[in-house]
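# sequence unknown, structure follows:
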């Protein structure tokens, strides 16, 4: 019983009833003008519904009265963009007026019927209403008095649910709006993934260098080496802080340009950081790196950074061969290091997956894994 009566305590029930009553204001005004042709308001709704701004107003009103407080109501609040939207708006206006007429009839006459039944049960004279006539008063009419009120309750709740479902159907997003929303959501997810990769590569590289340098300095016991290690840690930490500030700036300002992101022109900084951490880096560069398009150069920098980070984290101070070449309209980037039986190669976690994702997003390819006794990261990125 409590569950059945719960809609009486919900404000939404009454805002939906108010939404159903609103069209009756127009009908009531017209009935004072010419009640002989009551269908004129319905006819006038056809050209009104073809106005693009009407859909916007109906959507806002439906959101406020039919789904108050719901963040995702399924009702669009935008002007009509296509003729299909206009025709759906016309149909919505006609259906809303019809349901409003039904709601108006119920809320006026059903309480009157209950009063008439009670009056008949008490033996009072009856009103000769055209809809309901009671010839003889009798106490048994008291049993019928609650029936119209129950029907009123069921009708108000049912019509509220029906008009809300129709609003979602007729005022809901069009296929073009759904596609635009899906594209926006996809862009947001891609941006979040890109930021997560940026933080993983940048901060992970800085922490790896710091750990390697600190461990080497403690093992060496040489003050001069310790000073160099601390300087390398400081430089890497400053670079990581710059990257962190830039990524946080992107989160704060969605329109912030990406021109401040490092590119392969800054690759020397990565190579020197790896050398300072004990790796013996042999770099070979061929072709004009400065002519590489910005997106390719930026992603190439992150791929090189993650590759060197994996070497330092999993292989330690080993010989590393880095080859970067611009040939035949593509960028070839390869990082190789010895894969001894006693030294585990770089893992297969989110870092390597990020490398493959970066390459795939640019239409390129990435190969990672053992190759002739080495661990290799070989990436090919098209320049166009």
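Arrived safely. Small disclaimer: the values here were computed from a predicted structure and weren't measured.
# drop to CA atoms for contacts and neighbour counts, all remaining ones
Noted.
# the stretch 251-384 of the chain: helices as residue ranges?
Along the stretch 251-384 of the chain, the segments classed as helices by DSSP state H, counting those that start in this stretch run 267-276, 294-314, 350-361.
# average pLDDT across stretch 115-128?
Stretch 115-128 shows a mean pLDDT of 74.
# what comes up buried for that stretch?
For stretch 115-128, the neighbour count (16 or more other CA atoms under 10 Å) marks 115-121, 126 as buried.
# domain-wise, how is this structure divided?
According to automatic domain parsing, the chain is divided into the following domains: 2-173, 193-382.
# lowest-confidence stretch among the ones you listed?
Minimum mean pLDDT among those: domain 193-382, a mean of 78.
# and the helices of the stretch 251-384 of the chain: which comes nearest residue 211?
Comparing the helices of the stretch 251-384 of the chain by their distance to residue 211 (CA to CA), the top pick is helix 294-314, with 8.9 Å.
# what helices or strands is the closest one leaning on?
Packed against helix 294-314 by the contact rule (3 or more CA pairs under 8 Å, 6 or more residues apart in numbering; DSSP states H and E) you find helix 175-220, helix 267-276, strand 330-338, helix 350-361, strand 374-382.
# list the contacts of the helix or strand containing residue 163.
According to DSSP states H and E, residue 163 maps onto helix 146-170. Contacting residues not belonging to helix 146-170 are listed as 7, 13, 16-17, 20, 62, 66-67, 73-75, 88-89, 91-92, 96, 99, 103, 106-107, 110-111, 113-114 [CA atoms under 8 Å, 6 or more residues apart in numbering].
# distance of residue 275 from residue 238?
As judged by CA to CA, to the nearest Å, residue 275 and residue 238 stand 17 Å apart.
# who has more neighbours out of the two?
residue 275 (19 against 13; other CA atoms under 10 Å).
# excluding chain neighbours, what is closest to that one?
Sequence neighbours aside, residue 281 is the residue nearest to residue 275 in space, at 6.1 Å (criterion: CA to CA, 6 or more residues apart in numbering).
# give me the number of residues near residue 220?
By other CA under 10 Å, 12 other residues sit near residue 220.
# next, the contact list for it, please.
residue 226.
# how would you label residue 37: helix, strand or coil?
coil (DSSP: H, G, I helix; E, B strand; the rest coil).
# quick one, what contacts it?
Residue 37 touches nothing, counting by CA under 8 Å, 6+ apart.
# ramachandran angles for it?
phi -130, psi 80 (degrees, to the nearest 10).
# any idea how far it is from residue 30?
In terms of CA to CA, residue 37 sits 9 Å off from residue 30.
# then residue 108?
19 Å.
# between the two, which is the more surrounded one?
Set residue 108 next to residue 30 and count neighbours by other CA under 10 Å: residue 30 wins out with 16 against 11.
# does that one really touch residue 41, like I thought?
Yes: the criterion here is CA atoms under 8 Å, and residue 30 meets it with residue 41 at 7.3 Å.
# residues near residue 279, how many?
By other CA under 10 Å, 21 other residues sit near residue 279.
# one more: residue 373?
12.
# and the host helix or strand of residue 240, how far from the chain's centre?
Element membership of residue 240 [criterion: DSSP H and E] is helix 223-252. Relative to its chain's centre, helix 223-252 lies at 33 Å (CA atoms, centre = their mean, to the nearest Å).
# all good on my end, thank you.
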